[in-house]
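>>> Pasting the sequence and the predicted model now:
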Amino acid sequence: GAVVSQHPSRVICKSGTSVKIECRSLDFQATTMFWYRQFPKKSLMLMATSNEGSKATYEQGVEKDKFLINHASLTLSTLTVTSAHPEDSSFYICSAFRGTSGSDEQYFGPGTRLTVT
Amino acid sequence: KQEVTQIPAALSVPEGENLVLNCSFTDSAIYNLQWFRQDPGKGLTSLLLIQSSQREQTSGRLNASLDKSSGRSTLYIAASQPGDSATYLCAVTSGTYKYIFGTGTRLKVLA
């Protein structure tokens, strides 16, 4: 199956700093990627849709100035958590939509655990 | 607004039992439904994908069914094993391909 990677897998940062998380589709081109957030023992909540070459579309309640998304190429989307605070600590997961003929499946990355101290 | 609910929220069974996990969604206009497994602190492993035109998919000991009109899907796990212990998530997509995830079922299979 298709492979999606995330980097870093785990990051600890100090309050007030910014953190960038990368999501890469390793063996296919993804015009659309999605970013999800998961709180402990909770389900995944969609944060935003990242479209290659255009602005991301954010879900209601997600601060676009705090969670900056850039989809500069067909294989890479980045999520930057700006001025991170302890409440931003969470598990962030991306997915890449393949969308080719006969395959409309999304492939999920392994996740990035962010801890803000 | 699409809402996805999973019942039960948690389940503990002895090894060898057959079990059924339930997923219900409020808007039947879905594009597909997918079942995932998530181990603690890990990402998602795709188990089965059911397109809206399909009624079921099977993979090994797993069988997932879809009744779109009633807004329900079930995941059947045959002959459960301790290695099946994980959280199981169902998710649906609409034409925008955004996944709406269910609340999850935490499964524990006892040896």
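Sure, I can see it. Residues are numbered from 1 along each chain as shown, chains lettered A, B, ... in the order given.
>>> So which bits of chain B are right by chain A?
Within reach of chain A by Cβ under 8 Å from any Cβ of the partner chain, chain B has these residues: B:31-32, B:34, B:36, B:41-44, B:46, B:49, B:51, B:89, B:91, B:93, B:96-104. The C-beta positions use only the backbone N, C-alpha and C, and glycine is treated the same way.
>>> per-residue confidence at the residue in chain B that chain A sits nearest to?
At 3.9 Å from chain A, B:Gly43 is the closest residue in chain B, using Cβ to the nearest Cβ. Here the pLDDT value assigned to B:Gly43 is 88.
>>> How many residues are close by it?
20 (other Cβ atoms under 10 Å in any protein chain shown).
>>> residues in contact with it?
Under the criterion of Cβ atoms under 8 Å, 6 or more residues apart in numbering or on different chains, the contact list for B:Gly43 reads A:6, A:93, A:108-111.
>>> Present these as CSV; the columns should include secondary structure and pLDDT.
Shown next, in CSV, are the contacts of B:Gly43 (DSSP: H, G, I helix; E, B strand; the rest coil; pLDDT from 0 to 100):
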residue, secondary structure, pLDDT
A:Gln6, strand, 96
A:Ile93, strand, 96
A:Phe108, strand, 90
A:Gly109, coil, 93
A:Pro110, coil, 93
A:Gly111, coil, 95
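>>> which element is B:Tyr76 on?
strand B:72-77 (DSSP states H and E).
>>> May I see the buried residues of that strand?
Buried positions in strand B:72-77, judged by neighbour count with 16 or more other Cβ atoms under 10 Å in any protein chain shown: B:73-75, B:77.
>>> thought B:Glu15 was touching B:Leu107?
No. When contacts are counted by Cβ atoms under 8 Å, B:Glu15 is not listed as touching B:Leu107 (12.0 Å).
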